[in-house]
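Peer 1: Got a sequence here, can you model it:
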Amino acid sequence: MATNNDKQAKPESGDKRRHGNSFVYIGTIVLLVITVLAFVFVPAMGSMSNKDNSLTFGSWNGKPISFVQGGYFSTQVQQIKAQLESQGYKDSGDQFFAFQVWRRAFENTAVHLGLLDLSQKAGISVSDSFLDRQMIGNQAFVENGVFSKRKYREASNSFKLSLRKEIAQSTLKQRFVSDTVGFMPSDAETAFLKGMAQSQRVIEYVAIPFSAYPDAERLAWAKANPAAFRRVRLSKVTLSSSRKEAEQVLAKVKSGELSFEEAAKNHSRDSYAAKGGDMGARYQWELKGELKNESDLDTVVAAPKGDLSAVYDTLAGSWSFYRVEEAATEPDFASADLLKTVTAYLDRNEKGRLEDYAVASAARFATAAATSFGNAAASAGYVVKETKPFPLNYGTALDIGYFSLLGSLDTADLPELKGADRDERFLQAVFSLKAGELSAPIVLNDQAIVVRVKEIKNADDGEMGLLEAYYPTVVQQGVSSELASSILASPYLKDDFMATFSRVYSQAN
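Peer 2: Residues are numbered from 1 along each chain as shown. Next up is the predicted model:
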């Protein structure tokens with residue numbers, strides 16, 4: 001069963017889409033099943049009790065989650081470390097690697113105790129006769145393929161009791177997990193999914209970004225709104241305690257008892273304090289989020305050089321006063337810096353204007369592309385990109401990290417389509433079109449996109465067979481993860497991991 005930290009970054013595993021030998025794919029599925037349910041069968045050698053509270057990382061329903069040599073927690077640490085190293089990670093002694101190992105071991109132990117608790121509450125039990133049969137068949141007592149009385153006699157009582165307990169706990173967990181997350185889909189559900197996977201689209205598209213809004217239009221808008229682009233250099237003192245204190249500090253500055261720079265360094269509570277309050281040159285629109293009342297900002301910007309402002313309420317709930325270092329200047333519309341700040345302003349405050357332009361441009365392209373998509377794109381200077389075949393798979397719901405059971409939209413080299421598999425408008429548009437048809441402009445990732453369905457392909461029978469065979473397993477993995485997550489989020493779990501880990505790791509180093 002996967003736990004939260006199983007989502008850590010993994011070494012590159014290549015293309016998620018299925019390809020190559022079906023037996024390799026089936027082997028991957030089998031490995032997945034083993035990984036999903038591995039914690040059910042992990043040995044629990046020794047007692048979970050621990051008299052040394054310094055190595056207790058928390059508890060489940062009052063039972064300590066402790067590190068004891070030979071215990072479940074310590075076994076998990078060893079196995080997870082070996083697993084990560086087999087995947088290409090190296091234990092270089094750094095804290096990050098140790099954290100990954102120990103945190104996963106802690107969560108697995110919490111899930112282990114939670115499942116035992118839940119199985120007990122469910123009334124599940126293991127009979128002595130069942131345990132006897134399992135002991136007889138255990139490899140620890142088998143010699144030449146049969147049970148060895150000699151090996152059994154020579155084994156210590158503590159080992160036999162520990163093994164018997166291990167078998168009992170593993171059986172309880174296995175039965176509870178099987179009863180809880182066992183899944184058998186209906187024929188209708190499987191047929192529905194096969195229908196989604198069967199029809200795959202290959203699309204080509206043109207993307208017109210919002211940033212294509214012409215510089216001439218940006219400057220025209222700035223000339224119509226010049227006040228936002230006046231530039232002024234200011235210094236500021238900000239106090240967070242009270243208006244009264246801010247006014248007292250301002251009075252000392254005005255009287256000469258305290259310089260402005262000293263007031264900033266000794267009393268101000270903002271990022272400019274260390275520089276004596278110097279904010280540098282700023283455009284008026286950049287200051288718009290400073291003060292509670294816009295009229296106060298207009299007063300500050302209109303003041304002459306050297307002027308000290310009154311104390312003003314800020315939007316952050318503090319109080320500020322300013323000194324004008326250089327009086328405001330009107331915008332220089334020939335300045336490259338002005339064009340840059342106009343662009344930043346429009347991106348932040350007038351994105352709808354940029355979107356309207358991109359959508360209108362995309363609509364004109366769609367009209368021109370009705371006869372020839374490629375020629376229309378070349379004439380307009382747009383780049384045409386093409387996807388691999390992909391089915392209707394919203395949110396890659398059956399993508400389990402290493403591969404997608406349904407297949408998915410591969411956007412590795414198509415950044416314009418990032419997140420498209422979760423965009424209903426995009427998917428609805430693409431899968432409602434016939435081969436050769438064009439979409440209306442679709443807004444996605446600050447772009448207007450026009451899509452043409454280049455080809456509709458049918459998935460091969462092998463893919464359909466794998467979907468039908470392994471869909472229950474994939475869903476069971478999801479339900480298993482939810483079960484583990486519910487245990488880790490339970491109020492019965494007391495999580496003191498960080499405090500103990502930090503202390504133990506610092507002592508070890």
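Peer 1: Residues in contact with the strand or helix carrying residue 295: which ones?
Peer 2: In this structure, residue 295 sits in helix 294-302 according to DSSP states H and E. Applying C-beta atoms under 8 Å, 6 or more residues apart in numbering, the set of residues contacting helix 294-302 from outside is 230, 232, 234, 284, 287-288, 290-291, 309, 312-313, 322, 324, 328. C-beta coordinates here come from the backbone N, C-alpha and C atoms, glycine included.
Peer 1: Same check on stretch 346-354?
Peer 2: Contacts made with stretch 346-354 from outside it, assessed by C-beta under 8 Å, 6+ apart, are listed as 210, 211, 213, 218, 221, 285, 446.
Peer 1: And it, what's buried?
Peer 2: When burial is assessed from 16 or more other C-beta atoms under 10 Å, stretch 346-354 yields the following buried residues: 346, 350, 354.
Peer 1: same deal with stretch 76-94?
Peer 2: Neighbour-count burial for stretch 76-94 flags 76, 77, 79, 80, 81, 84, 89 (criterion: 16+ other C-beta under 10 Å).
Peer 1: which intervals of the stretch 301-450 of the chain have sub-threshold pLDDT?
Peer 2: Segments of the stretch 301-450 of the chain classed as low confidence (criterion: pLDDT under 70) are 397-406.
Peer 1: can you pull out the helices in it?
Peer 2: 336-349, 351-368, 373-380, 424-431 (DSSP state H, counting those that start in this stretch).
Peer 1: For residue 116, find the nearest of these.
Peer 2: helix 424-431 (42.9 Å; C-beta to C-beta).
Peer 1: Using PDB, list the CA coordinates for the closest one.
Peer 2: Once side chains and other backbone atoms are set aside, the C-alpha atoms of helix 424-431 remain, and they are given as PDB (Å, rounded to 0.1, in the frame of the first residue of the first chain):
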ATOM      1  CA  GLU A 424     -12.700  20.200 -19.700                       C
ATOM      2  CA  ARG A 425     -13.000  22.700 -22.500                       C
ATOM      3  CA  PHE A 426     -10.000  21.400 -24.300                       C
ATOM      4  CA  LEU A 427     -11.000  17.800 -24.000                       C
ATOM      5  CA  GLN A 428     -14.600  18.400 -24.900                       C
ATOM      6  CA  ALA A 429     -13.500  20.400 -28.000                       C
ATOM      7  CA  VAL A 430     -10.900  17.800 -29.100                       C
ATOM      8  CA  PHE A 431     -13.100  14.700 -28.700                       C
END
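Peer 1: so what secondary structure elements neighbour that helix?
Peer 2: Contacts defined by 3 or more C-beta pairs under 8 Å, 6 or more residues apart in numbering; DSSP states H and E place helix 424-431 against strand 199-209, strand 442-443, strand 447-458.
Peer 1: out of the ones you listed, nearest to residue 126?
Peer 2: Counting by C-beta to C-beta, and looking across all of these, nearest comes strand 199-209 at 48.5 Å.
Peer 1: Past that closest one, which element shows up next along the chain?
Peer 2: Past strand 199-209, further along toward the C-terminus, the next helix or strand under DSSP H and E is helix 215-224.
Peer 1: Okay, angle between that following helix and helix 336-349 too, please.
Peer 2: For helix 215-224 and helix 336-349, the angle between their directions (axes from the mean of the first three to the mean of the last three C-alpha atoms, to 10 degrees) works out to 80 degrees.
Peer 1: what does helix 215-224 contact?
Peer 2: Residues from elsewhere that reach helix 215-224 (C-beta under 8 Å, 6+ apart): 228, 229, 331, 333, 338, 339, 342, 343, 346, 350, 353, 357.
Peer 1: Most neighbours of all those residues, which one?
Peer 2: Each of the contacts of helix 215-224 was scored for neighbours by other C-beta atoms under 10 Å, and residue 342 scores highest at 26 neighbours.
Peer 1: For burial, what's the neighbour tally of residue 225?
Peer 2: Based on other C-beta under 10 Å, the number of other residues close to residue 225 is 13.
Peer 1: hang on, isn't residue 320 packed against residue 238?
Peer 2: Yes. In this structure residue 320 lies within contact range of residue 238 using C-beta atoms under 8 Å: 4.6 Å.
Peer 1: between these two, what contacts are shared?
Peer 2: Contacts common to residue 320 and residue 238, judged by C-beta under 8 Å, 6+ apart, are 270, 314.
Peer 1: for the protein, what spans make up the strands?
Peer 2: Taking DSSP state E to define them, one finds strands in the chain at 56-60, 63-66, 142-143, 146-147, 199-209, 231-239, 278-283, 312-313, 319-329, 385-386, 442-443, 447-458, 493-495.
Peer 1: Report the outermost residue of the chain with respect to its centre.
Peer 2: Relative to the centre of the chain, and counting by C-alpha atoms, centre = their mean, the farthest-placed residue is residue 150 at 55.4 Å.
Peer 1: Domain ranges for the protein, per the record?
Peer 2: Per automatic domain parsing, the domain ranges recorded for the chain read 4-181+468-508, 195-212+350-459, 231-329.
Peer 1: Of those, which is nearest residue 187?
Peer 2: domain 4-181+468-508 (9.7 Å).
Peer 1: can you give me the mean pLDDT across the closest one?
Peer 2: Per-residue pLDDT over domain 4-181+468-508 has a mean of 76.
Peer 1: what's the offset of that domain from the middle of its chain?
Peer 2: Centre-to-centre, domain 4-181+468-508 and its host chain are 25 Å apart (C-alpha atoms, centre = their mean, to the nearest Å).
Peer 1: Cool, thanks, signing off.
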